[in-house]
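Chemist: model the structure of this input:
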Amino acid sequence: MAVDISAEIVINRPRNEVAAFASDPGNDPAWIGGIVEAKTLTGPPFGKGAKVARVASFLGRRMEYEPEVVEYEPNSLVAMKADSPFPMTIRYTFAGAGRGGTKMTILVQGGGTGFYSVAAPLLAMMVRRNVSQDLKRLKRMLESEAAH
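Modeler: Modelled structure (predicted):
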């Protein structure tokens, strides 16, 4: 099974604010659908080598996984790899988007075994939909926060 999806959105907030919020695992439950709990397992500062514990609910299953930050460039890139529940890489990129906005892109790549390999087409479709919804939720949150 292979999942290779990307989604992007322009958020009308400065890149450093968008990157800081989206890169903080403590904020994951607020904007990433299905994430019930997330915390950094390693001490500050957050960066390459940091490990994150996430608890999620996906396709009716509880998943606990610990992605590790494998690439990090402040305000530009966060790339995490996880081995379970299936091998995957998640990349967040942040780029300037005119008028002080930020283009955020999420790329999810991975493969699975067992249940996840059998459900590959459904899994890819659901991940694509969920990532798009997550970005829209993040945009609403950060833009409405700026209005207050």
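Chemist: where does the protein have low pLDDT?
Modeler: Low-confidence segments of the chain, defined by pLDDT under 70: 1, 112-123, 146-148.
Chemist: mind listing the helices for it?
Modeler: All helices of the chain, identified by DSSP state H, fall at 15-23, 28-31, 115-118, 120-147.
Chemist: against residue 18, how distant is the nearest residue to residue 139 once chain neighbours are set aside?
Modeler: Nearest residue to residue 139, sequence neighbours excluded (Cβ to Cβ, 6 or more residues apart in numbering): residue 11, at 4.8 Å. No exception for glycine: its C-beta is placed from N, CA and C like everyone else's. Distance check for residue 11 against residue 18: by Cβ to Cβ, to the nearest Å, it reads 5 Å.
Chemist: shared neighbours, those two?
Modeler: 102, 104, 138, 142 (Cβ atoms under 8 Å, 6 or more residues apart in numbering).
Chemist: quick one: which of these is nearest residue 52?
Modeler: For the shared contacts of residue 11 and residue 18, the minimum distance to residue 52 (Cβ to Cβ) is 17.1 Å, reached by residue 138.
Chemist: who are the neighbours in contact with the closest one?
Modeler: 9, 11, 18, 21, 22, 31, 104.
Chemist: next, count neighbours for the first one.
Modeler: Residues contacting residue 9 under the criterion other Cβ atoms under 10 Å number 19.
Chemist: pretty sure it contacts residue 104?
Modeler: Yes - contact status for residue 9 versus residue 104: in contact at 5.9 Å, counting by Cβ atoms under 8 Å.
Chemist: wait, doesn't the residue nearest to residue 139 sit right on residue 101?
Modeler: Yes - using Cβ under 8 Å, residue 11 makes contact with residue 101 at a distance of 6.3 Å.
Chemist: comparing the two, which residue is more hemmed in?
Modeler: Per other Cβ under 10 Å, whichever of residue 11 and residue 101 has more neighbours is residue 11, with 25 against 18.
Chemist: what's opposite the more buried one in the beta bridge?
Modeler: Beta-bridge pairing for residue 11 (DSSP bridges): residue 102.
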